[in-house]
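>>> Sequence and predicted structure below; questions after.
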There are 2 protein chains.
Amino acid sequence: MARSEDGGDKKPLERLGVREIAKRVGVAPMTVSRVLSNPDMVAPATRAKVLEAIEAAGFVPNRLASSMKGNGRIIGTVVPPLINSGIAEQVQGMSDECQLGGYSMLLVQGEFTTEAEEASIRTLLGWRPAGMILQSFVQSEVARQLLVSSGAPVVEISEIKGRQPIDMVVGVSNFETAYAMTMHLAAKGYKRIGFVSTPIHGNDRLQQRRTGYHAALTELGIENHASLEVEVPITAAGGAEALVTLTERHADIDAIFFSSDTLAIGAVQECHRRGWAIPDRIGIAGYGDMDLAAQLYPPLTTVKVNRYEMGRRAVRQLLDRLGGKQKLATITSLGFEIVDRESA
Amino acid sequence: MARSEDGGDKKPLERLGVREIAKRVGVAPMTVSRVLSNPDMVAPATRAKVLEAIEAAGFVPNRLASSMKGNGRIIGTVVPPLINSGIAEQVQGMSDECQLGGYSMLLVQGEFTTEAEEASIRTLLGWRPAGMILQSFVQSEVARQLLVSSGAPVVEISEIKGRQPIDMVVGVSNFETAYAMTMHLAAKGYKRIGFVSTPIHGNDRLQQRRTGYHAALTELGIENHASLEVEVPITAAGGAEALVTLTERHADIDAIFFSSDTLAIGAVQECHRRGWAIPDRIGIAGYGDMDLAAQLYPPLTTVKVNRYEMGRRAVRQLLDRLGGKQKLATITSLGFEIVDRESA
DNA sequence: TGCAATGATGGTACCGGAACCATTCGATGA
DNA sequence: TCATCGAATGGTTCCGGTACCATCATTGCA
């Protein structure tokens, strides 16, 4: 395709750089650089020649080098296991928005232990990202310090209220959502409502959801019983197991609010297995409104939170800040919706 | 926490580098660099002092700089939308393995159009990754050329057979899996078996699955009818829709093989809605064995492919190559399993 | 006609680790 | 006692794009 006219063209290794291209065209390296980042500063004729040479040589500019001059184009992010419901959508949203803004996304898997979190953040900072997006609040004080002194903007996707954010926050009020769903269930006539979640410890979101559930019950004049709450792994099997546990503990339980659709769907399957009618025998509510929720039989009543949008927004915040559009720390609360379907 | 003893310590910006650390400790920059990458070459006493200074200053070495010297620590990957079933697990596997090997993962969203693919690969190459992992075969000839001349090892996670791979391949034989499942359904007594997939065009995997389905039917002495095949979007609703379409077209259809569990699950829900007994009225088979498949009511017969492992293996191949353990192009075929449950 | 303003382009240093080679020094052996 | 060797450490340069400033050529306007 690219024919070799002058001696050194014959597809050498990847030993190409602006200097090499410049030499071939007969201009200065700076001019080539300008064609790449500020095309308007270069005369059309020159620009065309440079672009042609770039094309012919299959030259791909080294972003590492330009990043070193301070124009980082990496958005770093630490996420919990992608398999968890909702995270994938969120990452998708982040990725899409990154690409739109011309940034690349560096993805680091983060556990929730303090030291793992710190390690993840160290790794990220090593790449001198233009900005960072973190799931839930940063626990480690050291990591917090590192982030602040890095000077890069940070978005925490998390619970809206609570701890002091490092910089910006995007999220929903998990308290509100859970409160609203619990009240919704009560309004539908359910008297004894259980609450099932994945392990709560160290997870702001879940803590807030449980608190919201508690607050609603209290407001309804219902006493909170720890025996109405269960923690299970985030799998369909976990949901089924929780249903079994709770109905064994309380024969009169008439509704269960699951902190994740995955769990709720598992519970619905368990009901089918037992021949229990939903919502007559027991009402089931989920959280997340994943794709399957609406298609489920019976359709799942759930809290709809737009995780994709959450991811997009987080990146947008970052890019706006980088673009100098806003200086201040911001907290963006996305709305939510109680999707009332037939399962409760 | 870190107290400032000598004048210049008081947490300046992020203007730290090996040179600065070296100055503070009273050694040469090279020594600091060695502490970071070849600690054994530095005397324990010196090393300790350097580490202490690093710790105190909150210094995080700049990986961009070291990457420029040829020790890239980025594994780049282009993936289809994460929301698609299975991809999330796979990315998880890749990510875990990357971290184990001390690499960071750059994630680029890739569409399946030729130009989008090319753009994604260009972006990736800009970061001079140590290796790359691509989903399905690369279509664009230009992109292919770029990849080859980049000199970095490439793993395509795709269909095992077929096109000439760029370098290494990890995957399963989609032909085999679909062939096996179709034969399995026939062995269970199903006579008229439909095939539902997401859009096949440009997707090697799906093409091979369909071919496997065709081959099995042919071997069974059954003629292939295009009317037994439907393409729908990869959602539960799509699966339900496909079930409707096929049963309307062929009243005598007695089993449907879905190319994704998500579709199959949607179809199962549709059956519940219609009060159709599974597998008596119709048999349903999926592909992927996602978490929910086993918990579904009735449990879903499906093809189990370990996507997580696939991701892990892909990265492992890359790292082995980088470590010089193997030189040749390899094709790794992972096994699969027909999980016979009650839905068919 | 002359000189400042504008636009296009070139030269060079720099970002921050690390490869490469040089140097220092104490220990060992003949 | 001195040559030899290896371990520890230092000095310099380079990777490749680009910020910064300098240099021209051209144009506008007093």
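Good, I have the coordinates.
>>> Regarding the closest residue to A:V60 other than its chain neighbours, what is its secondary structure?
Nearest residue to A:V60, sequence neighbours excluded (Cβ to Cβ, 6 or more residues apart in numbering or on different chains): B:L125, at 4.6 Å. C-beta coordinates here come from the backbone N, C-alpha and C atoms, glycine included. Counting by DSSP: H, G, I helix; E, B strand; the rest coil, the backbone at B:L125 sits in helix.
>>> Which positions in stretch A:140-152 come out as buried?
For stretch A:140-152, a neighbour-count test (16 or more other Cβ atoms under 10 Å in any protein chain shown) marks A:140, A:142-147, A:149-150, A:152 as buried.
>>> Nearest residue to A:Y179 in space, please, no chain neighbours.
Using Cβ to Cβ, 6+ apart and skipping residues adjacent in sequence, the residue nearest A:Y179 is A:G212, 3.7 Å away.
>>> wouldn't the one you found be in contact with A:F175 here?
Yes. The criterion here is Cβ atoms under 8 Å, and A:G212 meets it with A:F175 at 4.1 Å.
>>> those helices in chain A, which residues are they?
With DSSP state H, the ranges of helices along chain A come out as A:18-25, A:29-37, A:44-57, A:63-68, A:87-100, A:114-126, A:141-150, A:174-187, A:204-219, A:236-249, A:261-274, A:291-295, A:307-322.
>>> right, so the ones you listed: which one is the most enclosed?
Compared across the helices of chain A, helix A:261-274 shows the largest average neighbour count, a mean of 25 (mean count of other Cβ atoms under 10 Å in any protein chain shown).
>>> wait, does that helix make contact with chain B?
Yes. Using Cβ under 8 Å from any Cβ of the partner chain, helix A:261-274 reaches chain B at A:262, A:265-266, A:269-270, A:272-273.
>>> Report the inter-axis angle for that helix versus helix A:236-249.
Using axes from the mean of the first three to the mean of the last three Cα atoms, to 10 degrees, the inter-axis angle of helix A:261-274 relative to helix A:236-249 is 60 degrees.
>>> and helix A:261-274, what other elements does it pack with?
strand A:193-197, helix A:236-249, strand A:255-258, strand A:283-288, helix A:291-295, helix B:291-295 (3 or more Cβ pairs under 8 Å, 6 or more residues apart in numbering or on different chains; DSSP states H and E).
>>> and of these, who's closest to A:M41?
Across the helices and strands packed on helix A:261-274, the minimum distance to A:M41, taken as Cβ to Cβ, is reached by helix A:291-295, at 47.6 Å.
>>> does that closest one come close to chain B?
Yes. Counting by Cβ under 8 Å from any Cβ, chain B is contacted by helix A:291-295 at A:291-292, A:294-295.
>>> before we move on, what about stretch A:18-37?
No. Remark: stretch A:18-37 sits outside contact range of chain B, by Cβ under 8 Å from any Cβ, the gap being at least 10.5 Å.
>>> quick one on the thing from earlier: with mean pLDDT and distance to B:V315 as new columns, can the helices and strands packed on helix A:261-274 be given to me in JSON lines?
Formatted as JSON lines, the helices and strands packed on helix A:261-274 follow (pLDDT from 0 to 100; distance: least, Cβ to Cβ, whole Å):
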{"stretch": "strand A:193-197", "mean pLDDT": "97", "distance to B:V315": "32"}
{"stretch": "helix A:236-249", "mean pLDDT": "96", "distance to B:V315": "28"}
{"stretch": "strand A:255-258", "mean pLDDT": "98", "distance to B:V315": "34"}
{"stretch": "strand A:283-288", "mean pLDDT": "96", "distance to B:V315": "29"}
{"stretch": "helix A:291-295", "mean pLDDT": "90", "distance to B:V315": "28"}
{"stretch": "helix B:291-295", "mean pLDDT": "90", "distance to B:V315": "22"}
